[in-house]
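Undergrad: requesting a structural model of the entry that follows:
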Amino acid sequence: MDLARLMKERSFVTSTELKNFQHVLTAHQGELEQAIRNREGLAIEANPALLVQVQQSTDRELAIGNLERESSQLRDVQAALDRIRLDAFGVCPGCDKEIYVKRLAAVPWAGSCSVCQNAEDRAYQLPGDAFDGESLILRAGGL
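TA: Purely as a prediction, here's the structure:
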């Protein structure tokens, strides 16, 4: 389906909802940008005590993980704001169907419908990542 035609037929996201999503996304963008600028947890302090060094290393790894997650989410928020500006917000690029308002209300930066997102998640899933009772039994020595 042509994106322009779909946008004209848009029925799920009203203009009021679109403005609300834009406001929420802009506020979240500011929060993420501020969190990313705060890099205190990345500092390396010299301390001779091994236990303190291990704790600092763990804290630093956690801070790096948070920074990576926040940076990724900031890119998603910025992409959602771009879709609003391009009048393409709420349309899944994978199937050209509208993304349900409930999904957007829960995750305003969602770029795909839940069906396409689930398919993408399954494509990137490593073998054994999901709970699989059979493989769990096999790894534990079988029954």
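Undergrad: low pLDDT regions in the protein?
TA: In the predicted model of the chain, residues 1-12, 39-48, 126-143 satisfy pLDDT under 70.
Undergrad: what's the longest helix in it?
TA: helix 50-85 (DSSP state H).
Undergrad: that one: which residues count as buried?
TA: By neighbour count on 16 or more other Cβ atoms under 10 Å, the buried set for helix 50-85 is Q56, A63, L67, E70, Q73, L74, D76, V77, A80, L81, R83, I84. From N, CA and C alone the C-beta is placed, and that goes for glycine too.
Undergrad: okay, those in JSON lines with distance to I99 next?
TA: As requested, the buried residues of helix 50-85 are arranged in JSON lines below (distance: Cβ to Cβ, whole Å):
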{"residue": "Q56", "distance to I99": "42"}
{"residue": "A63", "distance to I99": "32"}
{"residue": "L67", "distance to I99": "28"}
{"residue": "E70", "distance to I99": "23"}
{"residue": "Q73", "distance to I99": "17"}
{"residue": "L74", "distance to I99": "20"}
{"residue": "D76", "distance to I99": "13"}
{"residue": "V77", "distance to I99": "15"}
{"residue": "A80", "distance to I99": "10"}
{"residue": "L81", "distance to I99": "15"}
{"residue": "R83", "distance to I99": "10"}
{"residue": "I84", "distance to I99": "13"}
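Undergrad: ok, so of those residues, who is nearest L32?
TA: Distances from L32 to these, taken as Cβ to Cβ, are shortest for L74 (4.2 Å).
Undergrad: list the contacts for the spatially closest residue to that closest one that is not a sequence neighbour?
TA: Sequence neighbours aside, L32 is the residue nearest to L74 in space, at 4.2 Å (criterion: Cβ to Cβ, 6 or more residues apart in numbering). Listed by Cβ atoms under 8 Å, 6 or more residues apart in numbering, the contact set of L32 reads E70, S71, Q73, L74, V77.
Undergrad: let's see 6 Å
TA: With contact set as Cβ atoms under 6 Å, 6 or more residues apart in numbering, L32 has these partners: E70, Q73, L74.
Undergrad: my read: P108 touches L25, true?
TA: Yes. The pair P108 / L25 is scored as a contact, 5.3 Å apart, by Cβ atoms under 6 Å.
Undergrad: hang on, the earlier thing: and the longest helix of the chain, how far from the chain's centre?
TA: 11 Å (Cα atoms, centre = their mean, to the nearest Å).
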